[in-house]
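Undergrad: Model the structure of this input:
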Amino acid sequence: MNLKIAYTKELIDWDILLGQVGVSRSLINWGKDLLVEYAVIVVNSVLRVEEENRIHKFVDDGGSLLIEADFAKKIFKIDTKQAYIKYLFSTEKVFSNYLPLIDLYRNCRVPANANTLKDQKGRFVVSDMQFGKGNVIIIPGNLISAISDARVLRKRIYSHGKLPSERIARVSKEGIYHFVRLVLEQLFHLRTLPFISLWGFPGNAKNIFLFRIDTDYGSPEQVDLLYKTLREKEIKGTWFVETKSAESWIDKYSSFENQEIGLHCYRHRLFNSFEENYNNYKKGLEVLKKTSIYPKGIAAPFGEWNNSFNKVAEEFGFEYSSEFSYSYDGFPQSTGKILQVPVHPISFGRLSREEYSDEEMYNYFINVINQKIALCEPVIIYTHPLENRFDIHQRIFNYINQQELPKYTFREYSDWWKKRNGIKFDSSFINNELKIESENKDDSFWIRIVYPSKEIFLMSMSESNPGKIKADLPEFKYDSEFNPETLRKYDMELLKDDILFEIRKRKL
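TA: Model prediction:
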């Protein structure tokens, strides 16, 4: 039995998601024995009548199918309805796991007979159904395309007590990733098959740590103190340099050891036009070039992102960027030629505005780190030298070292992720024996195996290290205080923050 996923049409959004999950996949070959060739089929397009008949037979004979509601309406003659989904949330497990809050803010077509995963109004929007000997999971139409949504919204971020806010991606793309991964895992298990996917971190590391520094308006003394802290705690930092205020002492960054230097900007603004953005980043690059720094990464001011910025990044040959207004938390995804590396969007400055004490700030980041480990998302946080709090940095770095998380620069991780995107493998499960075939010989790439019993193993893809180890991963859970209705209420306080933000930005 092959453990491959087939899709009925090649679409960029599905490719991004299935690539993040890291599954063996291909465009469906209608000439094959579908039940033997594919563990799961994804119907993401309109089919011809003869293809619909093949899908019916595949499911009736015991196959597993993932289908969007728009196409399920025609193929399975089910009733559907339009629904505006603000967010998806469940206090109960969905397919044996808890899901993080999934923000969508879009109209979707949902099955009328949905029976799992609720929206903001408590309505079920996903159907988990049995047809013949097989199983079908029907997901909302227009959900998957949200992975490329570039809209922005100020949102509150969950914390104990006080709730910091930030202008971030309106759609929580990492939530869509977790949902799709769990649906696929469930469909494999319904066929009593192990779910195989590429592990999201190099080697068999339980997680990794990336630390981003946006240097805007930081003094040489503040930069020195933060660099000293990083070196003492053996942390690899990725510095995105705002070059205008640092132009007279820019050579300091060229002396940094075991750090990466990227570009933040020259003037601390992101513009709507290509020309203004181009000139801004051209100046920034010229300043860095004076001290022989040639950055490969870029992060726009205020975490903002737009298409003209992305085109400028491509024009200058940048390899990756990091803007939480496009994507926050979660795993990397491509925007054209640029790899977007998400970061947790809250820094000390935001916590300070909510009058957090130093101890509360420390606890906030420890909770973020623990949640990322539980969700198997990379631990990526950021700061500004201007915010000081170097003693809290030390304590956070101590905790990272206690967790034994490998440290990477943004470029190191983005390079590895791009290689991961290129990994091809085939897997089969015959007589309870798992077989993996791949031309990969790099021991930094491992696969995750989740058996129907929910046991999880990690196994190297390299022939030189074929062993597998059991992975005891923590379980993600919501705090009892978690209230999505409060978190996603846009009120006068958030409106005030947005107005003040625009006023402040236009003065720069």
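Undergrad: does Leu225 sit in a helix, a strand or a coil?
TA: For Leu225, the assignment made with DSSP: H, G, I helix; E, B strand; the rest coil gives helix.
Undergrad: so who does it touch?
TA: 385, 388, 390 (Cβ atoms under 8 Å, 6 or more residues apart in numbering). Placement of C-beta: from N, CA and C, glycine included.
Undergrad: From Arg231, how far out is it?
TA: 11 Å (Cβ to Cβ, to the nearest Å).
Undergrad: before we move on, what about Glu286?
TA: From Glu286 to Arg231 the distance is 28 Å (Cβ to Cβ).
Undergrad: what do you get for Leu193?
TA: In terms of Cβ to Cβ, Leu193 sits 48 Å off from Arg231.
Undergrad: Could you check which of these two has the larger neighbour count?
TA: Leu193 (21 against 14; other Cβ atoms under 10 Å).
Undergrad: so who does that one touch?
TA: 1, 3, 39, 429, 452.
Undergrad: Filter the residues you listed down to the buried ones.
TA: When neighbours are counted using 16 or more other Cβ atoms under 10 Å, the contacts of Leu193 contain these buried positions: 1, 3, 39, 429.
Undergrad: which among those gets closest to Thr291?
TA: Lowest distance from Thr291 to those (Cβ to Cβ) belongs to Leu3, with 51.0 Å.
Undergrad: thought that closest one was touching Glu185?
TA: No - if you go by Cβ atoms under 8 Å, Leu3 and Glu185 don't touch, sitting 11.9 Å apart.
Undergrad: any idea how far Ile55 is from Val49?
TA: From Val49 over to Ile55 (counting by Cβ to Cβ), the distance is 11 Å.
Undergrad: actually Lys86, not the one I wrote
TA: For Lys86, the distance to Ile55 - Cβ to Cβ - is 32 Å.
Undergrad: Check Pro332 too.
TA: From Pro332 to Ile55 the distance is 33 Å (Cβ to Cβ).
Undergrad: same deal with Glu10?
TA: 18 Å.
Undergrad: Comparing the two, which shows the higher neighbour count?
TA: Using other Cβ under 10 Å, the more surrounded residue of Glu10 and Ile55 is Ile55, with 24 against 11.
Undergrad: what's that one in contact with, if anything?
TA: Counting by Cβ under 8 Å, 6+ apart, Ile55 touches 41, 43, 47, 65, 75.
Undergrad: Look at it and give its secondary structure.
TA: Secondary structure, three-state DSSP: Ile55 is helix.
Undergrad: what do you get for the one 4 residues further on?
TA: Using three-state DSSP, the structure places Val59 in helix.
Undergrad: tally of neighbours for it?
TA: Other residues close to Val59 by other Cβ under 10 Å number 25.
Undergrad: ok, it touching Gly132?
TA: Yes - in this structure, Val59 is within contact of Gly132 by Cβ under 8 Å, at 6.0 Å.
Undergrad: who's in contact with Ser172?
TA: 100-103, 328-329.
Undergrad: Could you give the backbone dihedrals for it?
TA: phi -90, psi 90 (degrees, to the nearest 10).
Undergrad: In terms of pLDDT, where does it sit?
TA: For Ser172, the model assigns a pLDDT of 97.
Undergrad: One more: Glu439?
TA: 87.
Undergrad: Distance-wise, check the residue nearest to it when sequence neighbours are not counted relative to Ile102.
TA: Leaving aside its chain neighbours, Glu439 sits nearest to Lys424 (7.3 Å; criterion: Cβ to Cβ, 6 or more residues apart in numbering). In this view, Lys424 and Ile102 are 29 Å apart by Cβ to Cβ.
Undergrad: and if you look at Leu3?
TA: 27 Å.
Undergrad: Give the rounded mean pLDDT of the one helix or strand Glu485 maps to.
TA: Applying DSSP states H and E as the criterion places Glu485 in helix 484-487. On average, the pLDDT along helix 484-487 is 94.
Undergrad: Please apply the same query to stretch 261-268.
TA: If you average the pLDDT values across stretch 261-268, you get 97.
Undergrad: Need the max-distance pair from the buried ones among the contacts of Leu193.
TA: Going by Cβ to Cβ, the pair spanning the buried ones among the contacts of Leu193 furthest: Ala39 and Phe429, at 8.4 Å.
Undergrad: anything in contact with each of these two?
TA: 1, 3, 193.
Undergrad: What are the neighbouring residues in contact with the closest residue to Leu434 other than its chain neighbours?
TA: Spatial nearest neighbour of Leu434, chain neighbours left out: Pro194 (6.3 Å); criterion: Cβ to Cβ, 6+ apart. Neighbour list for Pro194: 3, 188, 429, 434, 449-452 [criterion: Cβ under 8 Å, 6+ apart].
Undergrad: tell me the centre residue of this structure?
TA: Centroid-nearest residue in the chain: Gly330, 2.3 Å away (criterion: Cα atoms, centre = their mean).
Undergrad: So what does the residue lying closest to that one once chain neighbours are set aside look like in phi/psi?
TA: Sequence neighbours aside, Glu174 is the residue nearest to Gly330 in space, at 2.7 Å (criterion: Cβ to Cβ, 6+ apart). Here is the backbone geometry of Glu174 (degrees, to the nearest 10): phi -70, psi -30.
Undergrad: Which residues does the host helix or strand of Arg504 contact?
TA: Following DSSP H and E, the helix or strand that holds Arg504 is helix 492-506. For helix 492-506, the external contacting residues (Cβ under 8 Å, 6+ apart) are 154, 156, 165, 167, 269, 302.
Undergrad: how about the nearest residue to Glu185, chain neighbours excluded?
TA: In space, and not counting its chain neighbours, Glu185 is closest to Phe195: 4.3 Å by Cβ to Cβ, 6+ apart.
Undergrad: Can you get me a residue count around the one you found?
TA: 23.
Undergrad: hang on, the earlier thing: if I pick the residue nearest to Gly330, what's in contact with it?
TA: Glu174 touches 100, 327-331, 342, 375, 377, counting by Cβ under 8 Å, 6+ apart.
Undergrad: ok, of the residues you listed, which come out buried?
TA: Buried, going by 16+ other Cβ under 10 Å: 100, 327-331, 342, 375, 377, out of the contacts of Glu174.
Undergrad: gap between the closest residue to Lys233 other than its chain neighbours and Lys155?
TA: Leaving out its chain neighbours, the residue that sits closest to Lys233 by Cβ to Cβ, 6+ apart is Phe397, at 3.7 Å. Distance, Phe397 to Lys155, by Cβ to Cβ: 28 Å.
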